[in-house]
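Undergrad: only the shape, not the letters, is given here:
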């Protein structure tokens with residue numbers, strides 16, 4: 001009985017497999033015929049077109065930078081250990097050149113100046129007194145010299161007269177004595193006058209010394225006065241230029257010990273600091289036009305000019321980067337992390353601009369105004385190697401098309417200027433497209449076949465008693 005059941009079950013399985021295979025063959029044949037029918041009835045391939053228009057093309061290098069002031073100055077004072085009494089400005093204040101920015105406690109400096117002036121006055125008084133005393137000594141020495149000279153001359157004259165009288169007497173002893181007395185008078189006069197002259201010279205030297213000492217004392221005292229006055233003057237911290245206070249580093253009550261007090265920036269004009277990578281830097285020159293956009297100015301384009309190109313590389317800041325690009329459809333490529341510093345000056349200040357804003361810059365390399373331009377893919381070459389575009393004579397490119405030989409002008413990544421006397425505005429320029437419908441149909445048919453064959457495998461696996469099962473075998477798709 002069991003053997004009969006087994007034989008019967010095998011017959012059923014064989015019949016089921018045969019039926020499934022038959023169904024699969026019918027389905028596959030139907031799909032193949034259907035595909036052939038569709039191919040036979042396929043409509044002419046339609047191609048994409050664009051309308052030929054004139055446009056302005058701009059080839060540029062794109063860079064991102066930061067809005068900075070025309071000029072920035074850090075303000076400091078040349079004093080130390082002085083208390084700050086008052087800060088006269090706040091961040092954001094507009095200031096004019098010469099405005100007082102902070103007030104120091106000048107009490108100690110005023111006292112130092114007063115003491116220095118007193119010392120100068122004392123030096124001047126003492127110097128004058130010393131000089132006057134020395135001058136009197138010189139005068140006294142000269143008077144004494146005159147008196148001594150007169151007295152000694154008188155003695156010499158008297159001795160000379162006595163000697164002359166003695167010679168008349170012709171007495172040798174008397175003559176010899178008179179002569180000796182005369183010679184002694186002359187010698188005494190000489191030594192006495194010499195000593196008196198020495199006194200004058202000493203008095204004169206004392207006078208010169210008094211004058212020199214007085215000059216030195218007065219000069220040193222004046223120096224102290226000047227230094228004290230300068231220290232006081234240094235407490236007057238004023239704005240070095242017109243501008244806006246952008247930062248303050250001190251507070252009232254601080255003891256100032258040097259360093260930056262505050263910063264003032266001139267916002268009558270703005271500059272942009274950016275970085276351009278080595279791929280593009282050779283195309284950047286001082287004087288080039290720059291178009292600038294910021295979030296604060298919406299879509300309004302600001303015009304700038306390149307004012308500086310660094311001669312060597314430097315690491316780019318996080319806010320500065322560059323990329324090459326062209327507009328008419330703006331295109332770009334990623335920049336490297338290091339580059340060359342480029343400074344751009346905005347030609348006109350805009351009240352909407354603020355320091356620190358991110359600026360998107362287009363450094364203009366080349367411009368072409370009001371020219372015909374087509375997408376790059378619309379241009380091909382004919383058998384003669386000439387550049388051509390295909391234009392449609394009908395709607396949607398479905399009727400006929402013709403080739404026009406063109407001369408390529410300025411190029412960008414998306415658009416190319418084309419020149420030909422056969423071009424007219426509004427022409428439908430064909431842009432080639434690829435067809436994928438055939439391959440899709442074939443793949444669909446293969447999938448169906450694989451699925452059915454895979455299902456059959458499942459049935460065969462199932463007849464083995466369970467482990468194969470229908471599901472594992474039915475995986476026609478991966």
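TA: Yep, that arrived. Since the model is a prediction, treat every value here as computed from it, not as a measurement. Residues are numbered from 1 along each chain as shown.
Undergrad: as a whole number, average confidence for the host helix or strand of residue 151?
TA: Per DSSP states H and E: residue 151 is located in helix 107-169. Helix 107-169 carries an average pLDDT of 86.
Undergrad: tell me which strands and helices it is in contact with?
TA: Packing partners of helix 107-169 (3 or more C-beta pairs under 8 Å, 6 or more residues apart in numbering; DSSP states H and E): helix 172-234. For glycine as for every other residue, the C-beta is placed from the backbone atoms N, C-alpha and C.
Undergrad: mean confidence score for the helix it packs on?
TA: So the average pLDDT for helix 172-234 ends up being 87.
Undergrad: and that helix, what does it pack onto?
TA: For helix 172-234, the elements it packs on are helix 107-169, judged by 3+ C-beta pairs under 8 Å, 6+ apart.
Undergrad: residue boundaries of the helices in the stretch 351-478 of the chain?
TA: 437-462, 470-473 (DSSP state H, counting those that start in this stretch).
Undergrad: rank these by pLDDT, which is bottom?
TA: Taking the mean pLDDT of those, helix 470-473 comes last: a mean of 36.
Undergrad: residues contacting the spatially most central residue of the chain?
TA: Nearest to the centroid of the C-alpha atoms of the chain, with distances taken as C-alpha atoms, centre = their mean, sits residue 273, at 4.7 Å. Going by C-beta atoms under 8 Å, 6 or more residues apart in numbering, residue 273 touches 65, 66, 68, 320, 341, 342, 343.
Undergrad: try residue 244
TA: 92, 93, 94, 95, 264, 265, 267.
Undergrad: can you select the buried ones from these in PyMOL?
TA: Selection of buried members from these for PyMOL, criterion 16 or more other C-beta atoms under 10 Å:
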select buried, resi 93+95+264+265+267
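Undergrad: show me what the residue nearest to the centre of the chain is bridged to.
TA: Judged by DSSP bridges, the bridge partners of residue 273 are residue 66, residue 343.
Undergrad: rewinding a little: out of the contacts of residue 273, which end up buried?
TA: The neighbour-count test (16+ other C-beta under 10 Å) marks 65, 66, 68, 320, 341, 342, 343 as buried among the contacts of residue 273.
Undergrad: nearest to residue 230 among those?
TA: residue 68 (34.4 Å; C-beta to C-beta).
Undergrad: next SSE after the helix or strand in which the closest one is found?
TA: According to DSSP H and E, residue 68 maps onto strand 53-75. Per DSSP H and E, the first helix or strand lying C-terminal to strand 53-75 is strand 82-87.
Undergrad: what distance separates that next one from the centre of its chain?
TA: Its chain's average C-alpha position is 33 Å from that of strand 82-87, according to C-alpha atoms, centre = their mean, to the nearest Å.
Undergrad: that strand packs against which elements?
TA: Counting by 3+ C-beta pairs under 8 Å, 6+ apart, strand 82-87 packs on strand 100-104, strand 255-256.
Undergrad: average pLDDT across the last one?
TA: pLDDT averaged over strand 255-256 equals 92, rounded to a whole number.
Undergrad: just the first one next, same as before
TA: Averaging pLDDT along strand 100-104 gives 93.
Undergrad: ok, now how distant is residue 147 from residue 196?
TA: 9 Å (C-beta to C-beta, to the nearest Å).
Undergrad: again with residue 236
TA: 60 Å.
Undergrad: is residue 380 bridged to anything, and to what?
TA: residue 388.
Undergrad: quick check, it in contact with residue 388.
TA: Yes. Judged on C-beta atoms under 8 Å, residue 380 makes contact with residue 388 at a distance of 5.9 Å.
Undergrad: neighbour count: these two, which is higher?
TA: residue 388 (18 against 13; other C-beta atoms under 10 Å).
Undergrad: which stretches in the stretch 351-478 of the chain count as strands?
TA: With DSSP state E, counting those that start in this stretch as the criterion, the stretch 351-478 of the chain has strands at 358-375, 379-381, 387-392, 401-405, 407-411, 415-419, 428-431.
Undergrad: which positions within stretch 128-140 qualify as buried?
TA: Buried residues in stretch 128-140 (16+ other C-beta under 10 Å): 130, 131, 134, 135, 137, 138.
Undergrad: same check on stretch 88-104?
TA: 89, 93, 95, 99, 101, 102, 104.
Undergrad: cool, and stretch 349-359?
TA: 353, 357, 359.
Undergrad: can I get those in JSON lines including distance to residue 124 and pLDDT?
TA: As requested, those are arranged in JSON lines below (distance: C-beta to C-beta, whole Å; pLDDT from 0 to 100):
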{"residue": "353", "distance to residue 124": "60", "pLDDT": "92"}
{"residue": "357", "distance to residue 124": "62", "pLDDT": "94"}
{"residue": "359", "distance to residue 124": "64", "pLDDT": "95"}
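Undergrad: sort out for me which of the contacts of residue 244 are in strands.
TA: Taking DSSP state E as the definition of strands, the contacts of residue 244 contribute 94, 95, 264, 265, 267.
Undergrad: between those, which is nearest residue 80?
TA: residue 264 (22.2 Å).
Undergrad: got a pLDDT number for the residue nearest to the closest one when sequence neighbours are not counted?
TA: Counting by C-beta to C-beta, 6 or more residues apart in numbering, residue 264 lies nearest to residue 243, which is 4.2 Å off, once chain neighbours are set aside. In this model, residue 243 is scored at 93, pLDDT.
Undergrad: contact partners for residue 243?
TA: 69, 71, 73, 94, 95, 264, 265, 266, 267.
Undergrad: closest to residue 184 out of the buried residues of stretch 349-359?
TA: residue 353 (106.9 Å).
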